[in-house]
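Student: predicted model and sequence below, questions to follow.
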Amino acid sequence: MYRCSELVRLISSDEYLTAKPLEKLGIRLHLAMCRFCARYFRQLRGLSATVRGWDHSVPASEFEAAKTYILRQLSQKS
Amino acid sequence: MREANFSDPEFLERLRKRDEAAWETMVEVYLPHLLRAGRGMGFSPDESREMAQSVFVALIEGIARFEGRSHMRTFLFGIFYNKVSEHLRARQRAADNDPIDEVVESRFDASGNWRQPPLDIEKAVFAREAREMVQECLETVPHSQRAAFYLREVEEMETAEICKKMAISATNLGVLLFRARNRLRECLEKKGLKGS
C-alpha cells in the first residue's frame, strides 16, 4: 500500500503514468480510499485542464514586429 | 495541409533562393507557434520574440543544409529547442535542492500520511475568471520547471520527446514536473485562501 506522500510524488511527477499494472492498481485503490489524495489528484488534473484551455495566442503587434525583423534579415542576407 | 508542401523540393528551392513570398508563408505558419511556446515556457515577450527571430535567422542561414528528409516543422523546432536549452542552461542549472521539496515534505507526518491536507481550492482557483491568479502563480515557477510544465500540459508532449528537447533524463523531468505542479498548487492554495 502506498503512503500519501509517495502517492503525491507519483502523481505530480507523472511517474504513475508509466507504473506497472499492479502499481497502477495500488494507486487507484489508494485514491479510492483517501479523500485527501483524491482531492490532490483532482486539483492537478483541474490545473492541467485550466492551463490547456487558455487562449495562448500572442498579440498581433508582437507577431508583426518579429515578422518585419525576419523578412528584413532575409533581404539583408541575400 | 499547407504543412505538407514545406518539404516539397519546389518550395525548398524557393526558400533557398530567398523568395520573399515563400519565407512569408513560413513566418505566417510557424512564427505564432514559436512566440507562443516561448511565452508559455516563461520567457518574457521580448525574450520570446528575440528567440523566435533568431530561430528564423538560423533557418535562413541553414536552409541549404535542409534536404527535406525530415519535416520542416521538426527541423525548425529542433533549432528552437536548442536555443531554449541554451537559455535554460545559461540562466539556471537544475538545483539539487529546491525549497518546494521541503514545503511538500512538511505536509506529511513521519509515516507519510497527510499532516496538512490539501485545502479544497477548486472553486476558487479553477474558475474561468481565475486566470489571472493562476498566471501570477505560474510566474513564480522557475524557468526549467515551467518549460517542462508547458511542454507537458499545453503542448501535450510525451516524456521521451520532452526529454529529448530539453536534453534531460526522465528522472529529471519527473523532478521538474513535481516541483512545477506543487509550487503552483501551493501558491494557488495561498491565494485561494485569501480570496475566499
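Tutor: Cool, the structure landed.
Student: could you dump stretch A:22-36 to PDB, C-alpha only?
Tutor: Written as PDB, here are the backbone C-alpha positions of stretch A:22-36 (Å, rounded to 0.1, in the frame of the first residue of the first chain):
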ATOM      1  CA  LEU A  22       0.000  -3.900 -10.200                       C
ATOM      2  CA  GLU A  23       1.300  -0.500  -9.100                       C
ATOM      3  CA  LYS A  24      -1.500   1.200 -11.000                       C
ATOM      4  CA  LEU A  25      -4.000  -0.900  -9.200                       C
ATOM      5  CA  GLY A  26      -2.400   0.200  -5.900                       C
ATOM      6  CA  ILE A  27      -2.600   3.800  -6.900                       C
ATOM      7  CA  ARG A  28      -6.200   3.500  -7.900                       C
ATOM      8  CA  LEU A  29      -7.100   1.700  -4.600                       C
ATOM      9  CA  HIS A  30      -5.400   4.400  -2.600                       C
ATOM     10  CA  LEU A  31      -7.200   7.200  -4.500                       C
ATOM     11  CA  ALA A  32     -10.500   5.400  -3.900                       C
ATOM     12  CA  MET A  33      -9.900   5.300  -0.200                       C
ATOM     13  CA  CYS A  34      -8.100   8.500   0.600                       C
ATOM     14  CA  ARG A  35     -10.100  11.600   0.100                       C
ATOM     15  CA  PHE A  36      -7.200  14.000   0.500                       C
END
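Student: residues of that stretch that come out buried?
Tutor: Of the residues in stretch A:22-36, those buried by neighbour count under the rule 16 or more other Cβ atoms under 10 Å in any protein chain shown are A:26-27, A:30-31, A:34, A:36. For the C-beta atoms, the positions are set from N, CA and C on the backbone; glycine is no exception.
Student: need the helix or strand of chain B with the lowest average pLDDT.
Tutor: The least trusted helix or strand in chain B, going by mean pLDDT, DSSP states H and E, turns out to be helix B:2-5, with a mean of 54.
Student: re earlier: if we check chain B, which of the buried residues of stretch A:22-36 are in contact?
Tutor: Restricting the buried residues of stretch A:22-36 to those touching chain B (Cβ under 8 Å from any Cβ of the partner chain) yields A:Phe36.
Student: tell me which of the buried residues of stretch A:22-36 is nearest to A:Thr18?
Tutor: A:Ile27 (11.7 Å; Cβ to Cβ).
Student: helices of chain A, residue ranges please.
Tutor: The residue ranges that make up the helices of chain A, judged by DSSP state H, are A:4-12, A:21-33, A:35-53, A:60-77.
Student: same question, chain B
Tutor: Residue ranges of the helices in chain B, as given by DSSP H, are B:2-5, B:9-16, B:20-40, B:45-62, B:72-91, B:99-105, B:122-125, B:131-139, B:143-153, B:159-166, B:170-195.
Student: same list (these) but as a markdown table, adding mean neighbour count and distance to A:Ile11.
Tutor: Formatted as a markdown table, these follow (neighbours: other Cβ atoms under 10 Å in any protein chain shown; distance: least, Cβ to Cβ, whole Å):
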| stretch | mean neighbour count | distance to A:Ile11 |
| --- | --- | --- |
| helix B:2-5 | 10 | 35 |
| helix B:9-16 | 14 | 45 |
| helix B:20-40 | 19 | 22 |
| helix B:45-62 | 18 | 30 |
| helix B:72-91 | 17 | 25 |
| helix B:99-105 | 14 | 12 |
| helix B:122-125 | 17 | 16 |
| helix B:131-139 | 15 | 19 |
| helix B:143-153 | 24 | 13 |
| helix B:159-166 | 17 | 15 |
| helix B:170-195 | 20 | 9 |
